[in-house]
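[1] attaching a predicted model along with its sequence, questions to come.
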Amino acid sequence: MNKKLQISKNRTLAITITIILAFSMTASMMLVPIAHASDNIPVYAYINVAPNPTGVNQRVEIIMWVNVLFGGNAEIPNNYRFTGWVLTITAPDGTNTTTTLGTVTSSTSDYDYFFTPITTGSYIITFNFPATAITASNDPTSALLGDTYLPTSASTSLTVQQTPIASIPQTPFPTAYWTRPIYGENTAWYALGSNWLGTGSPGYIPNGGGPNLGATEKNSAQRPT
């Protein structure tokens, strides 16, 4: 009887030790940090200019963007953004004007730049995206720490003529009674149809903060497009 009891105790002790060792090994694996292998991330750059063609001394808008977000973490509340983008404008006579752009504040990785050509001819506009590393100093919360966005570029041409391009004609304000909805292309009608007065205006109360005095957030969502 004592022999059987001893065998049972030994078996229980062996099982207990096995469970403790298994738990220790699992815990050790969980506590060991998983190393992130550095990767090179391909990037695609895009550029657009409008209006194109345009006239001499007529301002155009240049929009540059890439298909990735900085660290995959460029939400509006934080400051993790791309920087160091370079825009080169080559005039018809071959002269280059190079501008290093500031921090890309947009959370969608796009940048607007305005340019006014002063001579006729064909301009070449080039957007250069530099190699960009994700480090603990520029995005400490990123899961891509150690990765590098590869450099890339995109170009487009701009035709400048002597005759300016006419602006889009605006629909005049009505002279009689009118009803909603306001047609989307009647962009100037915001002065007539909008009932959004903006933050800080008299009577502005956020939703749930009090009675509707005509300038709440709910009304701001009803602005015509």
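    Received it, and whenever you're ready, just let me know what you need. Remember, it's a predicted structure, so these values are computed and weren't measured experimentally.
[2] could you use CA atoms for every contact and neighbour count after this?
    Fine.
[3] the chain: helices as residue ranges?
    2-31, 190-193, 217-220 (DSSP state H).
[4] V43: what's it in contact with?
    V66, N67, V68, Y149, L150, P151, T152 (CA atoms under 8 Å, 6 or more residues apart in numbering).
[5] next, it: phi, psi?
    phi -130, psi 140 (degrees, to the nearest 10).
[6] next: the one 10 residues further on.
    For P53, the backbone dihedrals are phi -70, psi 170 (criterion: degrees, to the nearest 10).
[7] that one contacts Q162, correct?
    No: assessed by CA atoms under 8 Å, P53 is found out of contact with Q162, at 10.4 Å.
[8] not counting sequence-adjacent ones, nearest residue to A131?
    In space, and not counting its chain neighbours, A131 is closest to P151: 4.3 Å by CA to CA, 6 or more residues apart in numbering.
[9] relative to I182, how far out is the closest residue to N96 other than its chain neighbours?
    Among residues not flanking N96 along the chain, T90 sits closest, at 4.5 Å (CA to CA, 6+ apart). T90 sits 42 Å away from I182, going by CA to CA, to the nearest Å.
[10] between the two, which one's more packed in?
    Each of T90 and I182 has its neighbours counted (other CA atoms under 10 Å); T90 has more, 18 against 15.
[11] mind checking pLDDT for A131?
    On pLDDT, A131 comes in at 97.
[12] my bad, should have said A191
    A191 is assigned a pLDDT of 78 by the prediction.
[13] which residues does N73 contact?
    Y80, S142.
[14] now do it against S106, distance only.
    Plainly put, N73 is 12 Å away from S106 if you go by CA to CA.
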